[in-house]
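*Asks:* Would you be able to build a 3D model of this:
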Amino acid sequence: MLWLISRKNVLRVVILLCIAALPAACLHAQTGVRSQALAEAVEVNATAPSHPFPHFWEQMFGSGRAILTLRESYRDDLRAVKKITDFRYVRFHAILHDEVGVYNEDEHGNPVYNFAYVDQIYDGLLKNGVRPVVEISFMPKKLAFNPDALHPFWYKPNVSPPKSMQRWDDLMTHFAQHLVDRYGINEVAEWYFEVWNEPNIDFWNGIPRQTSYFELYDHTAKALKSVSPRLRVGGPATAAAHWVDDFLKHTAAAHVPVDFVSTHGYADDSVQDMLGLNENNPDENIPMDERVCLAVQKVHKQIQASTTPNLPLFWTEWNVPGHMESRDTTYVGPALANTVRECDGMVDMMSFWTFSDVFEEGGPAPRPFEGAFGLRAKGGINKPSYYAFALLHELGDQRSANPSSNVIVTKRKDNTLVIAAWNLVDPENRGGPKTMKLDFLNMPRNAEVSIQKVDDEHGNVLPKYAAIGKPVDPTEAQVEQLNQETALGPPARAQLKDGRLELDLERNAIVLVQVKPQ
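*Replies:* Numbering: from 1, shown residues only. Modelled structure (predicted):
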């Protein structure tokens with residue numbers, strides 16, 4: 001997919017066509033001014049070839065750090081997102097942070113283990129129907145080679161290697177054995193153990209970084225497997241899709257177990273860092289909306305080229321671009337849908353970072369809307385992204401072929417067609433509304449249709465929040481009011497007209513269309 005034409009080149013083509021044919025109309029395209037909405041015709045064939053469509057984008061979510069899970073606000077958000085997505089796994093940092101109290105040493109320097117908070121953390125998840133992806137991080141200070149190696153996050157995790165690999169091995173075996181003893185091997189075998197977080201950047205200060213991380217991985221994987229070979233362990237959990245090929249070569253050569261590959265990539269990571277391209281070259285400066293899945297494709301190919309080509313790929317952190325506080329806006333829905341469209345078939349699970357703004361990397365949230373990662377803002381306010389995930393959850397489990405880059409066509413077991421359609425406009429661009437004309441083939445010409453949408457008027461809390469004065473600390477009553485006013489409600493009902501349906505899509509609208517056979 002690296003041959004994709006950049007938007008700048010598309011604009012050059014438009015300008016050249018204008019000079020040759022329609023200069024007045026093309027001037028509007030060049031400046032972003034529209035005298036009328038653009039139109040797109042999409043043919044939807046109910047009997048088109050299809051393939052299985054597991055909901056890989058909503059099986060796992062990220063969520064800050066471990067100790068946050070003990071808060072009722074966190075659990076409220078977890079239950080709310082579970083209700084609309086039925087997600088199965090949650091991943092967070094810092095299960096070994098000193099605030100969780102796992103590791104200490106007595107007056108003689110002997111290890112002392114305490115899993116009291118670990119139990120409360122995992123008990124709470126399991127009671128709410130969610131299992132952990134256990135990110136094994138960060139270093140307890142008394143086990144750290146450098147107790148002062150603190151990351152600048154507000155909660156100051158220690159990113160040092162251990163002072164003793166033997167003591168690290170003992171911690172891992174005691175940790176894993178405790179989990180198996182408490183929850184049973186049949187349960188814990190359903191979990192995933194991911195070694196560290198983003199060791200290629202400042203979350204790990206081993207020297208040299210890659211070699212020292214591989215040593216940590218080797219010891220961790222072997223220690224976990226010594227408790228039970230059924231425990232599933234993987235990595236390298238790197239930022240910007242780094243190290244995967246080197247990691248797989250290393251584990252193969254060292255005969256170290258690996259059950260899955262994990263890495264990260266965000267839409268606003270640079271193309272140079274994540275894809276190895278030159279962002280100063282217009283032909284290689286890939287638009288942000290396309291970067292994540294190009295990185296997924298890169299890693300997918302690296303796995304296929306390795307000696308373990310069938311390993312699952314978990315993209316354990318990602319999100320849409322965060323500039324202009326766009327993560328609080330309707331932009332997330334179309335950007336999410338486009339990522340789902342592009343990444344289908346190349347990744348087993350993608351973990352949206354995060355499901356909640358109960359999140360403290362920079363300290364407590366000062367106000368509800370500051371462009372943070374989550375689907376729910378401070379106080380439990382549902383963002384447009386929350387409702388966009390709810391719409392996409394309704395997609396079927398078979399995806400039908402369709403050439404449009406603005407729709408996903410799926411089918412349920414009862415042959416109901418479920419279609420997501422959107423109008424994606426990047427936050428800094430001036431694109432406007434458009435009309436999408438759906439022409440259905442091999443469906444009754446007057447079939448029943450239901451329509452739900454998230455746009456400026458539906459599921460968008462920002463104008464509602466402004467209307468009540470943008471309170472910094474909204475009351476429970478205000479939060480309830482905002483969530484009631486933005487709730488999507490029942491779908492609108494209609495019928496196809498001679499097999500056709502016309503959708504008016506505002507800038508960054510996403511629409512879910514369900515067409516039932518008669």
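*Asks:* Apart from its neighbours in sequence, what residue is nearest Pro157?
*Replies:* For Pro157, ignoring the flanking residues on the chain, the nearest one in space by C-beta to C-beta, 6 or more residues apart in numbering is Phe138 at 3.7 Å. Glycine gets a C-beta too; all of them are placed from N, C-alpha and C.
*Asks:* Hmm, Phe92 and the one you found touching each other?
*Replies:* No - between Phe138 and Phe92 there is no contact under C-beta atoms under 8 Å: 11.7 Å.
*Asks:* Those two: who's more crowded?
*Replies:* Phe138 (28 against 25; other C-beta atoms under 10 Å).
*Asks:* Am I right that that one falls within a helix?
*Replies:* No - the secondary structure assignment for Phe138 gives coil rather than a helix, going by DSSP: H, G, I helix; E, B strand; the rest coil.
*Asks:* residues contacting Lys82?
*Replies:* By C-beta atoms under 8 Å, 6 or more residues apart in numbering, the residues touching Lys82 are 128-130.
*Asks:* where's it, which helix or strand?
*Replies:* helix 72-85 (DSSP states H and E).
*Asks:* Just the CA trace of that helix, in CSV.
*Replies:* Taking C-alpha atoms only, helix 72-85 is exported to CSV below (Å, rounded to 0.1, in the frame of the first residue of the first chain):
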residue,chain,number,x,y,z
GLU,A,72,-15.4,3.4,40.8
SER,A,73,-15.1,6.0,38.1
TYR,A,74,-12.9,3.6,36.1
ARG,A,75,-15.2,0.7,36.7
ASP,A,76,-18.2,2.8,35.7
ASP,A,77,-16.5,3.6,32.4
LEU,A,78,-15.5,0.0,31.9
ARG,A,79,-19.1,-1.2,32.3
ALA,A,80,-20.4,1.5,30.0
VAL,A,81,-18.0,0.6,27.2
LYS,A,82,-18.5,-3.1,27.8
LYS,A,83,-22.2,-2.5,27.2
ILE,A,84,-21.7,-1.1,23.8
THR,A,85,-18.8,-3.2,22.5
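*Asks:* For that helix, buried residues please.
*Replies:* 74-75, 77-78, 80-82, 84-85 (16 or more other C-beta atoms under 10 Å).
*Asks:* With stretch 88-105 instead?
*Replies:* 88-98, 100-103.
*Asks:* quick one, what contacts Gly380?
*Replies:* So Gly380 contacts 73, 76-77, 80, 479, 483 (C-beta under 8 Å, 6+ apart).
*Asks:* need the residues you listed in TSV with pLDDT and distance to Ala252, can you?
*Replies:* Below are those laid out as TSV (pLDDT from 0 to 100; distance: C-beta to C-beta, whole Å):
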residue	pLDDT	distance to Ala252
Ser73	96	44
Asp76	97	44
Asp77	98	40
Ala80	98	42
Val479	97	51
Asn483	98	50
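*Asks:* so where's the protein shaky on pLDDT?
*Replies:* 1-37 (pLDDT under 70).
*Asks:* let's see it at 90
*Replies:* In the predicted model, the chain carries pLDDT under 90 at residues 1-39, 278-285, 287, 323-324, 365, 427-431, 517-518.
*Asks:* that older thread, just the buried ones from the contacts of Lys82?
*Replies:* Buried among the contacts of Lys82 (16+ other C-beta under 10 Å): Val130.
*Asks:* can you give me how far stretch 271-284 is from the chain middle?
*Replies:* 23 Å (C-alpha atoms, centre = their mean, to the nearest Å).
*Asks:* before we move on, what about stretch 116-131?
*Replies:* Counting by C-alpha atoms, centre = their mean, stretch 116-131 comes out at 22 Å from the chain centroid.
*Asks:* and if you look at stretch 81-88?
*Replies:* The answer for stretch 81-88 is 14 Å, by C-alpha atoms, centre = their mean.
*Asks:* cool, and stretch 138-146?
*Replies:* For stretch 138-146, the distance to the chain centre is 30 Å (C-alpha atoms, centre = their mean).
*Asks:* gap between the two ends of that stretch?
*Replies:* End-to-end distance for stretch 138-146, by C-alpha to C-alpha, to the nearest Å: 13 Å.
*Asks:* Now do the buried residues in it.
*Replies:* 138-144.
*Asks:* Pick out the residue nearest the middle of this structure.
*Replies:* Taking C-alpha atoms, centre = their mean, the centroid of the chain lies closest to Phe352, which sits 1.9 Å from it.
*Asks:* what about the nearest residue to it once chain neighbours are set aside, distance to Leu512?
*Replies:* Among residues not flanking Phe352 along the chain, Phe61 sits closest, at 5.6 Å (C-beta to C-beta, 6+ apart). Separation of Phe61 from Leu512 (C-beta to C-beta, to the nearest Å) stands at 21 Å.
*Asks:* from what I can see Asp246 touches Tyr213, true?
*Replies:* No - using C-beta under 8 Å as the test, Asp246 is too far from Tyr213 to be in contact (10.2 Å).
*Asks:* Looking at the two, which one has more neighbours?
*Replies:* Tyr213 (24 against 14).
*Asks:* Show me what counts as buried in stretch 249-262.
*Replies:* Neighbour count says stretch 249-262 has 250-251, 256, 258-262 buried, by 16+ other C-beta under 10 Å.
*Asks:* Which ones among the residues you listed lie within helices?
*Replies:* Members of these lying in helices (criterion: DSSP state H): 250-251.
*Asks:* Out of the buried residues of stretch 249-262, flag the one nearest to Glu187.
*Replies:* Asp259 (16.5 Å; C-beta to C-beta).
*Asks:* ok, the closest one - contacts?
*Replies:* 192, 232-234, 311-312.
*Asks:* what are the phi and psi values for Val134?
*Replies:* phi -80, psi 100 (degrees, to the nearest 10).
*Asks:* and it, how many neighbours?
*Replies:* Val134: 25 neighbours (other C-beta under 10 Å).
*Asks:* ok, what's across the strand from it?
*Replies:* Phe92, Phe193 (DSSP bridges).
*Asks:* With Tyr217 as the reference, measure out to the residue of the chain most remote from its centre.
*Replies:* Ranked by distance from the centre of the chain (C-alpha atoms, centre = their mean), the top residue is His108, with 45.1 Å. Applying C-beta to C-beta, the value for His108 to Tyr217 is 30 Å.
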